[in-house]
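S.K.: Here is my input, please return the structure:
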Amino acid sequence: MSGHSKWSTIKHQKGATDAKRGKLFSKLGRAISVVVREGKSDNPENNARLRLAIEQAKAINMPKENINRAIERGMGRGGTGQLETVIYEGFGPEKTGLMIECVTDNKNRTGSEIKSFLERGGGGLGSPGSANYLFEKKGLILVEKSGNSEEQILKLIDLGIEDVEEEEDFIEVYTKPEQLEEIKEKITKAGFVIKEASLVFKPLSLITIEEQTKKDKLLHFLETVEDLDEVQKVYCNADFVVK
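M.R.: Got it, this is the predicted structure:
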């Protein structure tokens, strides 16, 4: 039998074993700085995006002093250039759609680098709106599996959660972006263990990739893009068939 594995699922599996701690700390530090600046608050109680970013940092054991330094930079006390979030749209091998989230202090430089890299890898940078329509902004909560996953899913549905998908290692719960914190709290109070919560671009339709050489090429392409210093996250509408 064949199964399916989305790029988002593969990323989470890779992240669990990723040994590149220094690069991860650097990327999350930049993410924390930018959500502090954009949210105009260094208080997680008043800044939901900062609260999520700190939770993600703690999940990979990022030192407290690193988190505090990132918050200081976000408040303009770190002596670095002004960081901002920029979303680039484009296409990868096999005509897959891409949303590339970056944190940069020079979006012209970063845009040029992303464009050059995508073209070398068999893809291309698109204009605003060229790939955005293939995705929907959502809140994503990863719930750890425990016991009977079917029973877990039914309990989540009983909480009024409609968009639930089962993956190999966890259950994905999708929410409206503005309801992420509310649903996250509801799930926690119901006794579930949450692995991660974040804002994401969820593909509205998936492109199936079956041939092994094509899968290998696309996976290498996506991993390399996400490994670029200023890239925070890469979203792709690929569906990898697992035989």
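
S.K.: List the buried residues for stretch 145-153?
M.R.: Buried positions in stretch 145-153, judged by neighbour count with 16 or more other C-beta atoms under 10 Å: 145, 152, 153. (Glycine included, C-beta is placed from N, CA and C.)

S.K.: How many neighbouring residues does residue 211 have?
M.R.: 10 (other C-beta atoms under 10 Å).

S.K.: Over to it: give its phi and psi.
M.R.: Main-chain dihedrals, residue 211, degrees, to the nearest 10: phi -70, psi 130.

S.K.: and of the buried residues of stretch 145-153, the nearest to residue 133?
M.R.: Residue 133 lies nearest to residue 153 out of the buried residues of stretch 145-153, by C-beta to C-beta, at 29.3 Å.

S.K.: That closest one contacts residue 163, correct?
M.R.: No. Assessed by C-beta atoms under 8 Å, residue 153 is found out of contact with residue 163, at 11.3 Å.

S.K.: Return the residues in contact with residue 140.
M.R.: Residue 140 is in contact with 8, 172, 173, 174, 175, 196, 197, 198, 199, 200, 202, counting by C-beta atoms under 8 Å, 6 or more residues apart in numbering.

S.K.: Counting neighbours, which of the residues you listed comes out on top?
M.R.: Result: residue 173 is most packed of the contacts of residue 140 (other C-beta under 10 Å), 26 neighbours.

S.K.: ok, now which ones touch it?
M.R.: Residue 173 touches 140, 141, 142, 143, 156, 161, 163, 164, 183, 187, counting by C-beta under 8 Å, 6+ apart.
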